[in-house]
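Novice: I would like the atomic coordinates for the input below:
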Amino acid sequence: MPVKASDIQKMLPENGKKNCKECGLATCFAFAMKLANAGITLDKCTYLSAEVRLQLEDMLQPPIRQVFIGTGARQVAIGEEEVMFRHQKTFFRAPGMALLIADGEDEESCSAKIAKIGWQFERLDKLSRFDLVALSHTSTDGGKYLQLVQKVMAETDAGLILLAAEPEVLLSAYEASKSRNPLVCVTDGNYAQVVPHLAKSAVVCASADGLDNLANLVGKLKEAGLENLVLDPGSGSLVELVRDQTMIRRAALLHKFRPFGFPTLFLAARVTSDLEQQMLLAVAGVAKYAGIIVLDDISSENFQVLLTVRQNIYTDPRVPPTVESKVYGFNEADESAAVLVTTNFALTYYAVTGEVENSKLPVFLCCQDTGGLCVLAAWSTGTFGPETIAEMVKKQALADKVTHKQLVLPGYVARIKGDLEEELPDWEILVGPREAVDIPNYLNELKKRRENVA
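Specialist: Predicted coordinates for the structure are as follows:
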């Protein structure tokens, strides 16, 4: 849980009552408040003893350390989560999605998987894709594993996860890829041979069978000076996945158990080779705290479902997803374009715009600022009614953009048609479809009616 300012104040000089103002703040309590919210640094207080400074530094560390894997535009940040449940605040960093490639696979399979690393899908104005590539040594040839690492590095800039039990093979792969800041996976069986050859800044995954063994391994890695760690408890089933991830998160956040204060990794292939079941396990991993999820393979359709789940869970519940309130033009909108009105709720906007674009007909879409509420919710709160819509139409000078002066309302608010006609007497108010999927047919029918009148 977050550190309280009152707890920090008690550790400050003279029990937090010195109030010397040398830090730039009026009181020690004000300094403690700033410190608790990361608004100031400890070095601003010159009267702290070395012992107290160390205690405060330990207190102010995030309960789950933030770890970076990879470099450049595709660097992945995981960890630094603060709550057990999203409604308490929000989940900050979505789990990195990794695709597993083994050096024992044939050339065709490897090439097909590397191509999938390049997949990109856009939803709610955000691009999603595979974040990482997990490279597994399953053959008996260490040189073949090194060739796979080099091939992947040459063909994608995604971050790497190195999975090899043999210390020599793992270290040769690390040396070849360390400029890309890979995640190096070690176990109780090989860490003693691997760790002395790693940079202190290396990102290391501690992989062990069970939570007790994991805590022991993390202790050894921290003694060796490694701080950028990822935890793999070796979960071998759905039940173990949920149990292990929950216990690690609870230990870190609620009990401040430092060995578990790191993000986690889940390897779906350890549980099953069935790709459909792996996808379902990945969904559970997204919901239950996994920092990295490694999949054997996945279809484009299932991957988009998984990305949608991830985006939904890692959306801040405190902030409704919105788009800018303005008039958007589609399909080369001109003076003959249909004029539709809707809310600035992002899900509504993207559902509507997708179908508008599919219609291939010119359209002006007027998005009313409703604070991110959908059509019915906004209507019920009064933020999407005759007065607000009329104000938007006038403010955006829609009458100057088109010649026909026909305004199409969402079907769900057909009841405000009469009132809106009073607010906009020069406009013809039409009631459009309730569902976005029906927009293309409606627009085509509207076009035919205009042509018949003409």
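Novice: quick one: residue 215 and residue 259 touch, right?
Specialist: Yes. With contact defined as C-beta atoms under 8 Å, residue 215 counts as touching residue 259 (4.5 Å). Where you see a C-beta, it was placed from the backbone N, CA and C, and this is true even at glycine.
Novice: Check the gap between the residue sitting nearest the centre point of the chain and residue 295 for me.
Specialist: Most central in the chain under C-alpha atoms, centre = their mean is residue 94, positioned 3.4 Å from the mean C-alpha point. Per C-beta to C-beta, to the nearest Å, residue 94 is found 15 Å from residue 295.
Novice: do residue 157 as well
Specialist: On the measure of C-beta to C-beta, residue 157 and residue 295 end up 20 Å apart.
Novice: ok, and for the host helix or strand of residue 112, which residues are buried?
Specialist: For residue 112, the host element (DSSP states H and E) is helix 107-117. Neighbour-count burial for helix 107-117, counted by 16 or more other C-beta atoms under 10 Å, picks out 110, 113, 114, 116, 117.
Novice: looking at it, the fourth one is touching residue 130, isn't it?
Specialist: In other words, residue 116. Yes. Between residue 116 and residue 130 there is a contact at 6.6 Å, judged by C-beta under 8 Å.
Novice: okay, and the common contacts of these two?
Specialist: residue 99 (C-beta atoms under 8 Å, 6 or more residues apart in numbering).
Novice: Could you measure from the residue nearest to the centre of the chain over to residue 445?
Specialist: Taken as C-beta to C-beta, the span from residue 94 to residue 445 is 42 Å.
Novice: just residue 71 next, same as before
Specialist: For residue 71, the distance to residue 445 - C-beta to C-beta - is 53 Å.
Novice: ditto for residue 58
Specialist: In terms of C-beta to C-beta, residue 58 sits 68 Å off from residue 445.
Novice: for residue 431, same thing?
Specialist: Distance of residue 431 to residue 445, computed by C-beta to C-beta: 13 Å.
Novice: Could you check which of the two is surrounded by more residues?
Specialist: Each of residue 431 and residue 445 has its neighbours counted (other C-beta atoms under 10 Å); residue 431 has more, 16 against 10.
Novice: phi, psi of that one?
Specialist: phi -100, psi 120 (degrees, to the nearest 10).
Novice: In the stretch 351-454 of the chain, mark out all the helices, start to finish.
Specialist: 375-381, 386-395, 417-423, 439-453 (DSSP state H, counting those that start in this stretch).
Novice: Now do the buried residues in the longest one.
Specialist: In terms of neighbour count (16+ other C-beta under 10 Å), helix 439-453 has its buried residues at 439, 440, 442, 443, 446.
Novice: And the first one, by the same measure?
Specialist: Buried residues in helix 375-381, counting neighbours by 16+ other C-beta under 10 Å, are found at 375, 377, 378, 379.
Novice: isn't the first one right next to residue 348, touching?
Specialist: Yes. Between residue 375 and residue 348 a contact is recorded at 6.4 Å, counting by C-beta under 8 Å.
Novice: Now do the shared contacts for these two.
Specialist: Joint contacts of residue 375 and residue 348 (C-beta under 8 Å, 6+ apart) are residue 342.
Novice: how about low-confidence regions in the chain?
Specialist: 1-2, 454 (pLDDT under 70).
Novice: Domain ranges for it, per the record?
Specialist: For the chain, automatic domain parsing gives the domain ranges 5-60, 67-313, 327-453.
Novice: could those go into CSV alongside distance to residue 319?
Specialist: Listed next are those as CSV, based on distance: least, C-beta to C-beta, whole Å:
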stretch, distance to residue 319
domain 5-60, 19
domain 67-313, 8
domain 327-453, 8
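Novice: do you know which of these lies nearest residue 320?
Specialist: Closest to residue 320 of these, according to C-beta to C-beta: domain 327-453, at 2.7 Å.
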